[in-house]
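Chemist: For reference, the sequence and a predicted model appear below.
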Amino acid sequence: MSASNLQIDSKGHLRHFLSISGLSRQLITEILDTAESFAGVTEQTVKKVPLLRGKTIVNLFFEASTRTRTTFELAAKRLSADVLNINLTQSSTTKGETLLDTLRNLEAMHVDMFVVRHADSGAAHFIARSVAPHISVINAGDGRHSHPTQAMLDIFTIRRVKGPDFGRLRVAIVGDILHSRVARSQIHALNLLNTGEVRIVAPRTLIPTHAEELGAHIYHDLRTGIKDADVIIMLRLQRERMQGALLPSEHEYYELFGLTEEKLAVAAPDVTVMHPGPINRGVEMDSEVADGPRSVILEQVTHGIAVRMAVMSMAMRRKEGATQ
Ligand code: NCD
């Protein structure tokens, strides 16, 4: 079954959230609008809404994460769900129990949703195909493949800063595109919203083969790639995924591709600078830029809560009306 069929039910509602590809512009916009309604909740003194009261959500993180795991947990708690965090480095999977056995045991505890992060591309799709029909699976990042809630929170942040007309925007994504699940999901989402121009900017060794098929213009020079850009999204050098020497040195990378105030001068005067985190300061960007007035890096983190609330509540809402 294709990802699109797997994540959307016969009525066109969200069943799982696995990747941006296969989703419609309408659904993406519905997620953004729903997140907008939750953004107010996270700013109130009483931050909870009762939408997922009585539901149990399990964070299954097979790979390290700080921002993503904690914002998923906060989002679930603000929807009044019960949340379990399972540290999979200490679980029975290390005692020889298979992933499917672990899933079956959790299903037997009547959980309603799995939030999954895994180092293997396709892991969340595999779990979505294996779970009981009432369970929803949300992909919190699989290998180099997809990180759809990160892309949605980035798009949400751009929409809040620049307004809803993506057609007039030039967006440059800079850095380690080759290993980035975030870049793939962002490019899909930006193209779905008919963004004026999507650029990827990186050394040749950090661009995937057939990159033009992703739907972006390719640049190998930072200043040309960010010229007149309205939004610049910097990506981390994902050393843990690099095999062999893809780069001469971090210092040389910083000289050529590191974002500084001086290089930023060629971008649009009101350029917005983003980064999904964690940042390697002094490698992909200077602290002056990361902490400067054009940076919305911490807003991205805040918006992650509202966007994750939106995705989780939409996947659960489908089930309230569904016949199983
Ligand atoms: C990203 C990820 O894990 O893919 N980070 C995140 O989710 N906040 C990007 C990265 O690790 O560089």
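Modeler: Good, I have the coordinates. Residues are numbered from 1 along each chain as shown.

Chemist: Mind telling me what element the residue of the chain found nearest the ligand is part of?
Modeler: Among all residues of the chain, Arg236 sits closest to the ligand, at 3.4 Å; criterion: C-beta to the nearest ligand atom. Quick note: C-beta positions are derived from backbone N, CA and C, even for glycine. Arg236 is part of no helix or strand, with elements assigned from DSSP states H and E.

Chemist: Tell me if I'm right that it and Pro278 touch.
Modeler: Yes: using C-beta atoms under 8 Å, Arg236 makes contact with Pro278 at a distance of 6.4 Å.

Chemist: Give me every residue in this protein that's in contact range of the ligand.
Modeler: Within the chain, the positions lying close to the ligand (C-beta under 6 Å from any ligand atom) are 67-68, 141, 147, 150, 181-182, 236, 238, 276-277.

Chemist: List the buried residues of stretch 49-61.
Modeler: 49, 51-52, 55-61 (16 or more other C-beta atoms under 10 Å).

Chemist: mind checking the SS state of the residue nearest to Gly143 when sequence neighbours are not counted?
Modeler: Leaving aside its chain neighbours, Gly143 sits nearest to Ser121 (3.3 Å; criterion: C-beta to C-beta, 6 or more residues apart in numbering). Here Ser121 is recorded as coil under DSSP: H, G, I helix; E, B strand; the rest coil.

Chemist: So Ser121 sits against Asp142, correct?
Modeler: Yes: using C-beta under 8 Å, Ser121 is in contact with Asp142, at 5.3 Å.

Chemist: Pull up the overlap in contacts between these two.
Modeler: Counting by C-beta atoms under 8 Å, 6 or more residues apart in numbering, the contacts common to Ser121 and Asp142 are Arg181.

Chemist: If you count surrounding residues, which of these two has more?
Modeler: Remark: of Ser121 and Asp142, Asp142 carries more neighbours, 26 against 14, as counted by other C-beta atoms under 10 Å.

Chemist: count of neighbours near Val266?
Modeler: There are 15 residues near Val266, going by other C-beta under 10 Å.

Chemist: and it, what does it touch?
Modeler: Contacts of Val266 by C-beta under 8 Å, 6+ apart are 223, 226-228.

Chemist: Which among the residues you listed count as buried?
Modeler: In the contacts of Val266, burial by neighbour count holds for Ile226, counting by 16+ other C-beta under 10 Å.

Chemist: which ones are touching the residue nearest to Ala39 when sequence neighbours are not counted?
Modeler: Spatial nearest neighbour of Ala39, chain neighbours left out: Ala306 (4.2 Å); criterion: C-beta to C-beta, 6+ apart. With contact set as C-beta under 8 Å, 6+ apart, Ala306 has these partners: 35-36, 38-39, 41-42, 75, 156.

Chemist: wait, what's in contact with Ser185?
Modeler: With C-beta under 8 Å, 6+ apart, Ser185 has these contacts: 19-20, 146-148, 150-151.

Chemist: Let me have those in JSON lines, adding pLDDT and secondary structure as columns.
Modeler: Formatted as JSON lines, these follow (pLDDT from 0 to 100; DSSP: H, G, I helix; E, B strand; the rest coil):
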{"residue": "Ser19", "pLDDT": "97", "secondary structure": "coil"}
{"residue": "Ile20", "pLDDT": "97", "secondary structure": "coil"}
{"residue": "Ser146", "pLDDT": "97", "secondary structure": "strand"}
{"residue": "His147", "pLDDT": "98", "secondary structure": "coil"}
{"residue": "Pro148", "pLDDT": "98", "secondary structure": "helix"}
{"residue": "Gln150", "pLDDT": "98", "secondary structure": "helix"}
{"residue": "Ala151", "pLDDT": "98", "secondary structure": "helix"}
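
Chemist: which of these tops the neighbour count?
Modeler: In the contacts of Ser185, the most neighbours by other C-beta under 10 Å go to Pro148, 31 neighbours.

Chemist: What count of nearby residues applies to Leu190?
Modeler: If you count neighbours by other C-beta under 10 Å, Leu190 ends up with 26.

Chemist: picking up where we left off before, the residue nearest to Ala39 is in what secondary structure piece?
Modeler: Counting by DSSP H and E, Ala306 is found in helix 297-321.
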